[in-house]
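Trainee: here is a sequence with its predicted model. Questions after.
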Amino acid sequence: MILAKWYDDIVVGETMTSRGRTITEGDIVNWCTLTGDMFMLHTDAHYAAKTRFGQRIAPGLLVHAFATGLGVPADGEAIVANYGTDKLRFVAPVFIGDTIRLQATVAAKEDRDAHSGLVVLQWNALNQNGRLVMSSELKCLQARRRKAAVA
């Protein structure tokens, strides 16, 4: 897992693909309840059946959150902070029963100071058919294993 590594050990271009996570009806119901996002396309099966999707779809931010859970280690000692997400796009629907995987690629690194650096990741979620369903750019501040000389 990329974010389990210290800034010094991360290499631009390295890629990882996570395990899968199947989206369930319970996931959607719980997400909508917790967030207050009761949009009909997520919560009303009869309404959703009449839309272009033909069924309920998972909220995009749920997909993003679950993808993040697939790529951020619970015990990541080198992670200093989530620096933000840019270019977030939900490019295809995620249905109940779909399984998503995170595909992360190190796009860039930027030295910050003697203690840390910024890692930019292309952060994509793919469904069980390999179809891109979400794309984004995640920025994460990572600690250095060893103190760097400051120029």
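Mentor: Yep, that arrived.
Trainee: quick one, phi/psi of the closest residue to D9 other than its chain neighbours?
Mentor: Once flanking residues are discounted, D9 sits nearest to R145: 6.8 Å by CB to CB, 6 or more residues apart in numbering. No exception for glycine: its C-beta is placed from N, CA and C like everyone else's. R145 adopts backbone torsions of phi -70, psi -40, taken as degrees, to the nearest 10.
Trainee: what residues are up against R145?
Mentor: W6, Y7, D8, D9, A78 (CB atoms under 8 Å, 6 or more residues apart in numbering).
Trainee: can I have the buried ones of those residues as a ChimeraX selection?
Mentor: Those of the contacts of R145 that count as buried under 16 or more other CB atoms under 10 Å are selected in ChimeraX with:
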select :7,78
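Trainee: on that earlier part again, distance of the residue nearest to D9 relative to T24?
Mentor: 39 Å (CB to CB, to the nearest Å).
Trainee: repeat for I2
Mentor: I2 is 27 Å from T24, where distance means CB to CB.
Trainee: equivalent analysis for I10, please.
Mentor: From I10 to T24 the distance is 33 Å (CB to CB).
Trainee: higher neighbour count, the two?
Mentor: Using other CB atoms under 10 Å as the criterion, I10 and T24 rank with I10 on top: 19 against 13.
Trainee: what's the pLDDT at the more buried one?
Mentor: For I10, the model assigns a pLDDT of 97.
Trainee: do R146 as well
Mentor: Reported pLDDT for R146: 75.
Trainee: one more: V150?
Mentor: On the pLDDT scale, V150 gets 59.
Trainee: count of neighbours near K50?
Mentor: Other residues close to K50 by other CB under 10 Å number 9.
Trainee: hang on, I meant D37
Mentor: Residue neighbour count, defined by other CB under 10 Å, stands at 15 for D37.
Trainee: so how far is T43 from it?
Mentor: Applying CB to CB to D37 and T43 gives a distance of 9 Å.
Trainee: so which residues of this structure form helices?
Mentor: 25-35, 40-43, 45-49, 60-71 (DSSP state H).
Trainee: tell me where the model's unsure across this structure.
Mentor: Within the chain, the stretches falling below the threshold (pLDDT under 70) are 148-151.
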